[in-house]
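**Q** pasting the structure only:
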């Protein structure tokens, strides 16, 4: 399977390395990036890969069988539509789009192209492949602890990148939680409310309203929380707890080991997403490539999942602009 990667920033370069070194049944055939230096650096370690300045050329090239979109968020919808028009299987990193209208355009084009056939487009919600989240969902779904009644999902980072806004943090970071909460509960989000701390965490936060909380109400009646603080400074720290009627199921990451010595115990926190979710990305990519090679539908998040997440994120932004009121979330048309 010859993969073309659009975007060679941190995320695109990470995908390129995983596909080249750790995923079987595939080669990185091409990358596209308007920055020739970045594109050149990305292909330097991948024999035979070609570099394009234009994403459209990569999508149309006959030597590219499938496309992975890791470009800036605002380009995702347009590039996904181009891949659908070209009939190329596509894995689009989150988010699918920054507006409900764009997400609906992609959804309509995809349905028109594939009907009831094997989906062309999948969404990069890799937490669904993380061993911890998979085990958590399995334990909750077993029913031994009773019905799940609440999820607490926490996302903390060291520092945001340049140009981050309250809106982009919701669409680019909290969107993972927006997807994983209904996935864990098996029930879609029907309303969302946004609330921010009046105290900024200090260095790096700039004008961001953080930490902030999202309250997610799902169709099953559960009320869940999402905490997001991307300038927490102390480390990359993702947490998840599902409270059930007769127990609670928590992920123990990010600490894989604890070292006891000198009358103390210490653990290590990663600096960013790459060490924490390397297994999740590798497993997601392997499933995508294997399914394409076998002619079956991959078990990745669907374009419908991406459209739903966009709707919830847009509702969260509306709540943010209206004093934290609960905003109803309509199902994708």
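**A** Alright, I've got the coordinates. Worth saying up front: this structure is predicted, and the values here are computed from it rather than measured. Numbering: from 1, shown residues only.
**Q** going forward, measure contacts between C-alpha atoms and count neighbours the same way
**A** Will do.
**Q** could you pull out the helices for this protein?
**A** Using DSSP state H, the helices of the chain run over 10-21, 36-44, 55-60, 76-86, 100-114, 131-141, 166-169, 175-185, 273-294, 303-320.
**Q** highest average neighbour count across those?
**A** The highest mean neighbour count among the helices of the chain, using mean count of other C-alpha atoms under 10 Å, belongs to helix 303-320: a mean of 25.
**Q** That one vs helix 175-185, what angle?
**A** Between helix 303-320 and helix 175-185, the angle comes out at 120 degrees (axes from the mean of the first three to the mean of the last three C-alpha atoms, to 10 degrees).
**Q** Helix 303-320 - contacts with which helices or strands?
**A** helix 100-114, strand 121-124, helix 175-185, strand 189-196, strand 327-328 (3 or more C-alpha pairs under 8 Å, 6 or more residues apart in numbering; DSSP states H and E).
**Q** who's in contact with the shortest one?
**A** Looking back up the chat, that one is strand 327-328. The contact list for strand 327-328, computed with C-alpha atoms under 8 Å, 6 or more residues apart in numbering, reads 190-193, 315-316, 318-319.
**Q** Kindly provide the whole-number mean pLDDT of that strand.
**A** Averaging pLDDT along strand 327-328 yields 98.
**Q** partners of that strand in the sheet?
**A** Using DSSP bridges, the strands paired with strand 327-328 are strand 189-196 (antiparallel).
**Q** where does the spatially most central residue of the chain land on pLDDT?
**A** The residue lying closest to the centre of the chain (C-alpha atoms, centre = their mean) is residue 125, at 3.7 Å. Residue 125 carries a pLDDT value of 98.
**Q** which residues does it contact?
**A** So residue 125 contacts 93-94, 176, 179, 300-301 (C-alpha under 8 Å, 6+ apart).
**Q** Among these, which pair sits farthest apart?
**A** Pairwise distances among these were taken by C-alpha to C-alpha; the largest, 13.8 Å, belongs to 176 and 300.
**Q** rewinding a little: I'd like the contacts of residue 125 as TSV, with distance to residue 30 and pLDDT appended.
**A** Output for the contacts of residue 125, formatted as TSV (distance: C-alpha to C-alpha, whole Å; pLDDT from 0 to 100):
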residue	distance to residue 30	pLDDT
93	17	98
94	21	97
176	28	98
179	30	98
300	23	98
301	24	98
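**Q** Make CSV from the residues you listed and add distance to residue 332 to it.
**A** As requested, the contacts of residue 125 are exported to CSV (distance: C-alpha to C-alpha, whole Å):
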residue, distance to residue 332
93, 19
94, 17
176, 18
179, 14
300, 18
301, 15
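**Q** so which of the residues you listed would you say is closest to residue 212?
**A** Among the contacts of residue 125, and counting by C-alpha to C-alpha, the member closest to residue 212 is residue 176, at 14.8 Å.
**Q** Who are the contact partners of that closest one?
**A** The neighbourhood of residue 176, defined by C-alpha under 8 Å, 6+ apart, consists of 125, 127.
**Q** before we move on, the earlier item: rank the helices of the chain by mean pLDDT and give me the bottom one.
**A** helix 36-44 (a mean of 88).
**Q** Which neighbouring elements make contact with that helix?
**A** When contacts are defined as 3+ C-alpha pairs under 8 Å, 6+ apart, helix 36-44 packs onto strand 27-32, strand 50-52.
**Q** got the contact list for that helix?
**A** So helix 36-44 is contacted by 8-9, 13, 16, 30-33, 49-53 (C-alpha under 8 Å, 6+ apart).
**Q** With stretch 254-266 instead?
**A** Contacts for stretch 254-266 (C-alpha under 8 Å, 6+ apart): 237-239, 267-270, 276.
**Q** Out of those residues, who's the most crowded?
**A** Tallying neighbours with other C-alpha atoms under 10 Å puts residue 237 at the head of these, with 22 neighbours.
**Q** Return the set of residues that bridge with it.
**A** Beta-bridge partners for residue 237, by DSSP bridges, are residue 156.
**Q** show me the contacts for it.
**A** With C-alpha under 8 Å, 6+ apart, residue 237 has these contacts: 154-157, 254, 269-270.
**Q** Let's have these in a markdown table, adding pLDDT and distance to residue 287.
**A** Formatted as a markdown table, the contacts of residue 237 follow (pLDDT from 0 to 100; distance: C-alpha to C-alpha, whole Å):
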| residue | pLDDT | distance to residue 287 |
| --- | --- | --- |
| 154 | 97 | 27 |
| 155 | 96 | 25 |
| 156 | 95 | 28 |
| 157 | 94 | 28 |
| 254 | 76 | 24 |
| 269 | 88 | 28 |
| 270 | 90 | 25 |
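**Q** Residue 255 versus the spatially closest residue to residue 273 that is not a sequence neighbour, what's the distance?
**A** Excluding its sequence neighbours, the residue lying closest to residue 273 (C-alpha to C-alpha, 6 or more residues apart in numbering) is residue 236, at 6.9 Å. Distance, residue 236 to residue 255, using C-alpha to C-alpha, to the nearest Å: 11 Å.
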